[in-house]
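In: What follows is a predicted structure for the sequence shown.
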Amino acid sequence: MPNFYNPEQIIRPEILTLSAYHVSPAAGMIKLDAMENPYPLPPVLRNEIAQLAANAPVNRYPDASATSLKATLRQALAISEDMDILLGNGSDEIIQIIAMAVARPDAVLLSVEPAFVMFRMIATFANIQYVGVPLNKDFSLDLEAMLAAIAKHKPAAIFLAYPNNPTGNLFDADTILSIIQATSGIVIIDEAYHAFADASLMNKLAEYPNLLLMRTLSKLGLAGLRLGLLVGRPKWLVQLEKVRLPYNVGIMTQLIAEKVLHHTDVLLEQAEAIKSERRKMLAYLNTITNIEVFPSDANFILFRIHAANQIFQALKQRKILIKNLDGTHPLLENCLRVTVGTPDENSQFCAALHNILSETV
Ligand SMILES: *Cc1c(COP(=O)(O)O)cnc(C)c1O
């Protein structure tokens with residue numbers, strides 16, 4: 001019998017010290033924590049999907065190059081013929097593909113803080129050094145600090161979410177372009193919340209050879225399908241394709257995504273409804289004294305409130321689940337993030353918040 005190793009002896013130390021990505025149990029809760037679209041697909045479309053699923057050849061591997069789905073995406077998202085598309089099992093997987101591909105021994109992956117937590121986590125998974133440059137207090141980009149960090153660390157890749165998560169704001173586009181011009185590495189603009197913002201850097205791809213653009217169907221209403229895409233020059237995507245596992249996008253995802261993408265009007269109408277609810281919620285939150293509400297171009301709202309932890313717990317007791325960001329970064333002290341849900345869910349959230357505040361004051 002050999003002496004079996006303990007995990008401490010063979011798992012990398014940086015993995016041992018990590019805590020797994022926390023997903024809160026949400027059974028029976030009003031779920032406003034994960035930026036999901038609250039609306040189901042219309043019944044007619046669901047019936048068509050049922051037919052597709054019934055006839056899908058699940059005994060076969062899916063199309064490894066997803067040719068048909070990519071053609072549909074190219075049309076639906078108006079992606080130029082000069083650019084290639086890489087598909088991921090959610091855009092999380094695309095971040096991982098990029099991190100693995102650039103993880104040379106001294107490579108650095110750079111982003112801002114606070115940013116999407118997966119940038120940092122995936123850098124650690126891929127054994128690549130992560131540098132997070134703090135945003136300004138109003139969550140705008142600190143260009144000077146970014147340029148200094150770029151000069152110092154010479155990052156292989158910079159990730160910027162546009163709009164940013166968890167803050168909800170769009171960074172200034174000219175500042176982003178200055179960053180793209182200042183770095184020798186690639187810049188990945190993560191447009192996960194594109195449907196809720198009236199801005200995109202898609203039309204800058206042709207101009208900047210080191211720019212890549214990422215989108216996902218998750219926040220648009222298909223989070224359960226797991227489909228993300230990266231758009232960029234063939235010279236980059238040919239290399240990244242080598243790291244992608246051949247069958248990372250399953251047949252159900254390919255079939256259903258393609259079907260729904262032929263009805264993008266449905267998703268865009270839902271996004272409009274969410275944007276209209278966002279306006280109402282922002283207006284309501286702004287009437288409450290002692291709350292600092294941050295502007296949002298996404299399907300969620302970040303706000304700072306006294307005793308955020310207690311408010312978060314009190315909402316939870318009332319079966320309303322939002323995201324508590326207090327303690328995750330100094331700039332997010334006493335900050336909570338609420339996803340925009342259906343009108344009914346949002347009213348319940350607003351009423352609960354009102355009641356909690358009138359009880360505790
Ligand atoms: C939600 C989110 C993603 C992840 O999306 P998936 O496609 O579901 O993996 C990526 N980037 C940002 C900024 C997000 O908020």
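Out: Cool, the structure landed.
In: hey, let's count contacts and neighbours off CA atoms from now on
Out: OK.
In: Phe303 - that's part of a strand, no?
Out: Yes: according to DSSP: H, G, I helix; E, B strand; the rest coil, Phe303 belongs to a strand.
In: my guess is it contacts Pro295, does it?
Out: No: using CA atoms under 8 Å as the test, Phe303 is too far from Pro295 to be in contact (9.1 Å).
In: Who has more neighbours out of those two?
Out: More crowded of Phe303 and Pro295, by other CA atoms under 10 Å: Phe303, with 22 against 17.
In: Low-confidence regions, the protein specifically.
Out: Filtered on pLDDT under 70, the chain yields the residue ranges 360-361.
In: which residues are there in this structure that come within reach of the ligand?
Out: 90-92, 116, 161, 165, 190, 192, 216, 218, 223, 226-228 (CA under 6 Å from any ligand atom).
In: possible to save the residues you listed as a markdown table with secondary structure?
Out: Shown next, in a markdown table, are those (three-state DSSP):
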| residue | secondary structure |
| --- | --- |
| Gly90 | coil |
| Ser91 | helix |
| Asp92 | helix |
| Phe116 | coil |
| Ala161 | strand |
| Asn165 | coil |
| Asp190 | strand |
| Ala192 | coil |
| Thr216 | strand |
| Ser218 | helix |
| Ala223 | coil |
| Arg226 | coil |
| Leu227 | coil |
| Gly228 | strand |
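In: Please pick the buried ones from these.
Out: Buried by 16 or more other CA atoms under 10 Å: 90-92, 116, 161, 165, 190, 192, 216, 218, 223, 226-228, out of the residues of the chain next to the ligand.
In: Do a quick rundown of the helices in this structure.
Out: Under the criterion DSSP state H, helices of the chain are mapped to 7-10, 13-16, 43-55, 67-76, 91-102, 117-125, 143-153, 173-182, 234-241, 251-261, 264-287, 308-317, 343-360.
In: deepest of those, which one?
Out: With neighbours defined as mean count of other CA atoms under 10 Å, these peak in mean count at helix 91-102, which reaches a mean of 21.
In: which helices and strands sit right next to that helix?
Out: helix 117-125, strand 211-216, strand 228-232, helix 234-241 (3 or more CA pairs under 8 Å, 6 or more residues apart in numbering; DSSP states H and E).
In: How far away from the center of its chain is the shortest one?
Out: Looking back up the chat, that one is strand 228-232. 13 Å (CA atoms, centre = their mean, to the nearest Å).
In: residue in the stretch 251-361 of the chain nearest to the ligand?
Out: Ala298 (9.4 Å; CA to the nearest ligand atom).
In: Please list all residues in contact with that residue.
Out: Pro163, Gly168, Asn169, Tyr193, His194, Ala195, Phe196, Ala197 (CA atoms under 8 Å, 6 or more residues apart in numbering).
In: what does Ala53 give?
Out: Met252, Leu255.
In: My guess is Met118 contacts Asp92. True?
Out: Yes: judged on CA under 8 Å, Met118 makes contact with Asp92 at a distance of 7.1 Å.
In: Quickly note the distance from Leu211 to Ile189.
Out: Separation of Leu211 from Ile189 (CA to CA, to the nearest Å): 8 Å.
In: Kindly report the same for Ile176.
Out: 9 Å.
In: What of Val238?
Out: 19 Å.
In: do Ile322 as well
Out: From Ile322 to Ile189 the distance is 26 Å (CA to CA).
In: Leu237 too?
Out: 15 Å.
In: How about Leu110?
Out: 12 Å.
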